[in-house]
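Student: Can you look at this prediction? I've put the sequence above it.
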Amino acid sequence: MTRSNSGRLPGLDTLRAVAIVAVMLYHLKPFLPESMAVVAQFGWMGVDLFFVLSGYLIGLQLLKPYASGDRPSIWSFYRRRAYRILPAYLVVLWIYLVFPGWRESSVLPPLWQFLTFTVNLFFVDFSQHAFSHVWSLCVEEHFYLVLPLLVIWLMRRPSLRKTMFVIGGVILFGICLRGYKLLPLIAPSGWSGRVVPDDFGTFYYRYLYYPTYSRLDGLVVGVTLALVRIFRPAGWSWLARGHAALVVGIAFMGAVCWMFRSDGMGDATKAAAWGTVIGYPLLAAGLGLLVVSSVSSDGWLSRFRVPGSRLLATLAFSLYLTHKEVAHLDRRYLISLTEARDAKTVVIYAVTCLLGAGVLYGLVERPFMVLRDRFERRSTETVDAEMLREPAL
């Protein structure tokens, strides 16, 4: 497996970099040049890529001990996740509460929803409230809470049939749920059942896009890849051979882009409705194949380091937390530099967002990871290299 001199996997860095850039483009799309809209409109897929990466990396952490006859320490897992996520998240949340000018919107949901990671489970108008992008972190936190317990239960009496039943059941549940909610759109002509709400955008995000129970496809695919790699090495070798995983993964993503070509279901077309029903698992499968390529010795993604990918991968979580707010400050205090929506605007956003993320990473995120390793009496010299085994969210 190709590694850089620092011990990092170039392929994983590349995927992390692509994911965070895609998310940023999507969130900042209204303020970017029109020429970038074609790419930016599909930037929401970056979140799904983060989900697949998290499922794969967390799955490896929890399942590897079983391969050597051991068991993972659940409390150690939760503690490490807390060190990784909470300090930076709580600092940014504190800034939202104390400095209203930091907010990209004047409306902020109740504090208890942020502290309990339940923002995505309650109805709010996400187009009108600040820190809205935290919904995906809520999904991740629910995953971190439940997966270790599920692994312990499944591994008490390991069974391929039971494992496949759980994996298939979660994927099928998501498909059925989305299909039921969108039945008026995907049903044959003449359907006389429920009608599509007038405010379809709010309906879509409230019931289909933000809730954890509707967005588990990527996480499940990632965990499945971890299972195959650890317990079915022959199957993993078949998946990881040559460039097939990359080619097929890109083909799957192209199909999903076609399904979602109506840009976020705003016009509620039948094609986009079917895309919502079956597109998420198809997208997760495609992104999963990209992950396979990124860690395979034969994969193209694993062979080359994209310039700047290491920096973006390292700062991914801090960028995720701060990019919308920093861009808001740019539009507020650098009006003459950002109002044109040209290449200069893109450079301003890129530089300031990187600076903001760098400050958060250097002052909060990395020091707490060093503190975590000191608490566990581990070497603190490998904190940055260890990021290759840590989900970005």
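Tutor: Perfect, thanks for sending it. Numbering: from 1, shown residues only.
Student: How far does stretch 295-308 sit from its chain's centre?
Tutor: Put simply, stretch 295-308 sits 20 Å off its chain's centre (Cα atoms, centre = their mean, to the nearest Å).
Student: in it, what counts as buried?
Tutor: Neighbour-count burial for stretch 295-308 flags 295-296, 298-299, 301-302, 305 (criterion: 16 or more other Cβ atoms under 10 Å). In this view, the C-beta of every residue, glycine as well, is placed from N, C-alpha and C.
Student: burial count for Trp44?
Tutor: 18 (other Cβ atoms under 10 Å).
Student: Spatially, which residue comes closest to it, not counting chain neighbours?
Tutor: Leaving aside its chain neighbours, Trp44 sits nearest to Tyr26 (5.1 Å; criterion: Cβ to Cβ, 6 or more residues apart in numbering).
Student: Give the full set of residues in contact with Val292.
Tutor: 225, 239-240, 245, 249, 299 (Cβ atoms under 8 Å, 6 or more residues apart in numbering).
Student: any chance of those in CSV, plus pLDDT?
Tutor: Formatted as CSV, the contacts of Val292 follow (pLDDT from 0 to 100):
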residue, pLDDT
Leu225, 97
Leu239, 90
Ala240, 88
Ala245, 91
Gly249, 95
Gly299, 78
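Student: and the strand or helix carrying Asp48, what does it pack onto?
Tutor: If you go by DSSP states H and E, Asp48 is part of helix 45-67. Packing partners of helix 45-67 (3 or more Cβ pairs under 8 Å, 6 or more residues apart in numbering; DSSP states H and E): helix 10-27, helix 135-156, helix 217-231, helix 270-295.
Student: in the longest one, what's buried?
Tutor: Right, the one you point to is helix 270-295. Judged by neighbour count (16+ other Cβ under 10 Å), helix 270-295 contains these buried residues: 272-295.
Student: before we move on, what about the third one?
Tutor: Residues of helix 217-231 classed as buried: 217-230 (neighbour count, 16+ other Cβ under 10 Å).
Student: C-terminal to it, which secondary structure element comes first?
Tutor: helix 233-240.
Student: List the buried residues in that following helix.
Tutor: Within helix 233-240, judged by 16+ other Cβ under 10 Å, the buried ones are 236, 239-240.
Student: do stretch 88-102 as well
Tutor: For stretch 88-102, the neighbour count (16+ other Cβ under 10 Å) marks 88-89, 91-93, 95-96, 102 as buried.
Student: now that stretch, how far from the chain's geometric center?
Tutor: The answer for stretch 88-102 is 22 Å, by Cα atoms, centre = their mean.
Student: mean confidence for it?
Tutor: Mean pLDDT, stretch 88-102: 95.
Student: distance between stretch 67-83 and the chain's centre?
Tutor: With Cα atoms, centre = their mean as the basis, stretch 67-83 stands 22 Å off its chain's centre.
Student: start to end distance for it?
Tutor: Its first and final residues considered, stretch 67-83 spans 26 Å by Cα to Cα, to the nearest Å.
Student: Give me the residues contacting that stretch.
Tutor: By Cβ under 8 Å, 6+ apart, the residues outside stretch 67-83 that reach it are 61-62, 64-66, 144, 148-149, 151-152, 155, 230-231, 368-369, 371-372, 376.
Student: would you turn the buried residues of helix 217-231 into JSON lines with distance to Trp44?
Tutor: Listed next are the buried residues of helix 217-231 as JSON lines, based on distance: Cβ to Cβ, whole Å:
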{"residue": "Asp217", "distance to Trp44": "14"}
{"residue": "Gly218", "distance to Trp44": "12"}
{"residue": "Leu219", "distance to Trp44": "16"}
{"residue": "Val220", "distance to Trp44": "19"}
{"residue": "Val221", "distance to Trp44": "17"}
{"residue": "Gly222", "distance to Trp44": "18"}
{"residue": "Val223", "distance to Trp44": "22"}
{"residue": "Thr224", "distance to Trp44": "22"}
{"residue": "Leu225", "distance to Trp44": "22"}
{"residue": "Ala226", "distance to Trp44": "24"}
{"residue": "Leu227", "distance to Trp44": "27"}
{"residue": "Val228", "distance to Trp44": "27"}
{"residue": "Arg229", "distance to Trp44": "27"}
{"residue": "Ile230", "distance to Trp44": "31"}
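Student: any chance of the contacts of Val292 in CSV, with distance to Ile175 too?
Tutor: Listed next are the contacts of Val292 as CSV, based on distance: Cβ to Cβ, whole Å:
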residue, distance to Ile175
Leu225, 20
Leu239, 23
Ala240, 27
Ala245, 23
Gly249, 20
Gly299, 29
